[in-house]
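[1] how would this look folded up:
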Amino acid sequence: MFLSDVDIKNAIESGDIILPDFDEKRLQPASYDVLLGNDFLVFDHHKLDLIDPRIPVEDAMRKVHIDDEGCFVLHPQEFALAVTRDYFGVSDKLCCQIMGKSSLARLGLIIHTTAGFVDPGNELNATLELLNTNKVPIKLYPGMKIGQLSFCELKTPSAKPYGHADLNSKYFKSQTVEASEMWRNFDADK
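    Predicted coordinates:
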């Protein structure tokens, strides 16, 4: 069951939703607006002939920091990683989804290409997978509303929340934009 604005406020008070910088003005009827952070990761294409998910990609990426007064220009068909300014999380009783804002989607911006799910027990500044599907560049400003969080109540609390010792929780409590760590899955399968 999705949480309403009343449920979200109650879950923040009980500690089941972690939102240290909660701003009631960003609370929607059944979601909460999150802001774009200042850090981005972009691929240095000249360093790549291909991407192999078994090999770390950090060396082929470059971090870009944008001051609050600046903007990040995402060119047509370009991909970049970004981070939410908001640190947020959920207890073992809830899960969370990050969704794009309709107004930005109407400009051609996708903020998560596939990974919009936050597992029970995780808390972090989420990494966003940005893609400009338009034919013209899009300016993105640190601090702008970039997405929204919806929260779902689990039927029963998770037995092994994200970060549990038995899990390969790669992005637990992440606080910055992070490159893919898919390569760790191959090591874990051995």
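[2] Now do the phi/psi pair for His45.
    Main-chain torsions, His45, degrees, to the nearest 10: phi -60, psi -30.
[3] Please disregard the earlier target; I meant Val6.
    Val6 has phi and psi values of phi -60, psi -50 when expressed as degrees, to the nearest 10.
[4] And the pLDDT for it?
    For Val6, the pLDDT comes out at 98.
[5] contacting residues around it?
    Contacts for Val6 (C-beta atoms under 8 Å, 6 or more residues apart in numbering) come out as none. The way it works is simple: take the backbone N, C-alpha and C, and place the C-beta from them, glycine included.
[6] now the helices for this protein?
    Applying DSSP state H to the chain gives helices spanning 5-14, 102-105, 183-188.
[7] and of those helices, who's closest to Asp92?
    For Asp92, the closest of those is helix 5-14, at 12.6 Å, according to C-beta to C-beta.
[8] Name the residues of the closest one that are buried.
    For helix 5-14, the neighbour count (16 or more other C-beta atoms under 10 Å) marks 7-9, 11-12 as buried.
[9] swap in stretch 71-89?
    By neighbour count on 16+ other C-beta under 10 Å, the buried set for stretch 71-89 is 72, 74, 80-89.
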